[in-house]
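Colleague: Please find the sequence and the predicted model below.
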Amino acid sequence: QLQLVESGGGLVQPGGSLTLSCAASGFTLDYYAIGWYRQAPGKEREGISCISSSGSSTNYADSVKGRFTISIDNAKNTVDLQMNSLKPEDTAVYFCNADAVLGRKNYWGQGTQVTVSS
């Protein structure tokens with residue numbers, strides 16, 4: 001079965017840290033660009049970070065730049081999102097997405113909830 005599964009979400013206090021993980025099964029991430037997105041209640045889904053299949057290229061939204069770090073482990077077929085200095089406005093459901101470098105294959109995970117609150 002081809003799927004992405006996110007994990008690592010939870011409740012954290014402002015200023016705290018969490019690491020989200022996105023694990024691919026049924027396909028290899030070697031040929032996909034991976035993105036992390038989030039969707040807060042009542043808001044549209046927004047892209048916050050992405051990484052190339054080799055890990056050589058990364059991008060971040062201004063809202064998370066300097067606080068979040070994306071990384072890929074091709075051996076484990078996973079992409080992590082290290083989130084530091086979390087703010088209440090980071091509260092959202094976080095999704096990972098795999099977009100094929102060649103072709104039109106595109107996969108979404110089911111999402112993981114991150115809540116930043118005291």
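Modeller: Everything's here; your move.
Colleague: For Ser21, grab the count of nearby residues.
Modeller: Ser21: 17 surrounding residues under other CB atoms under 10 Å. (Each C-beta comes from the backbone N, C-alpha and C, glycine too.)
Colleague: hey, what's it bridged with?
Modeller: Ser7, Asp80 (DSSP bridges).
Colleague: That one against Asp80, yeah?
Modeller: Yes. Counting by CB atoms under 8 Å, Asp80 is a contact partner of Ser21 at 5.2 Å.
Colleague: chain center to stretch 22-39, what's the gap?
Modeller: Stretch 22-39 sits 8 Å away from the centroid of its parent chain (CA atoms, centre = their mean, to the nearest Å).
Colleague: In this structure, what residue spans correspond to strands?
Modeller: For the chain, the strands defined by DSSP state E occupy 3-7, 10-12, 18-25, 32-39, 46-51, 58-60, 68-73, 78-83, 92-100, 106-108, 112-116.
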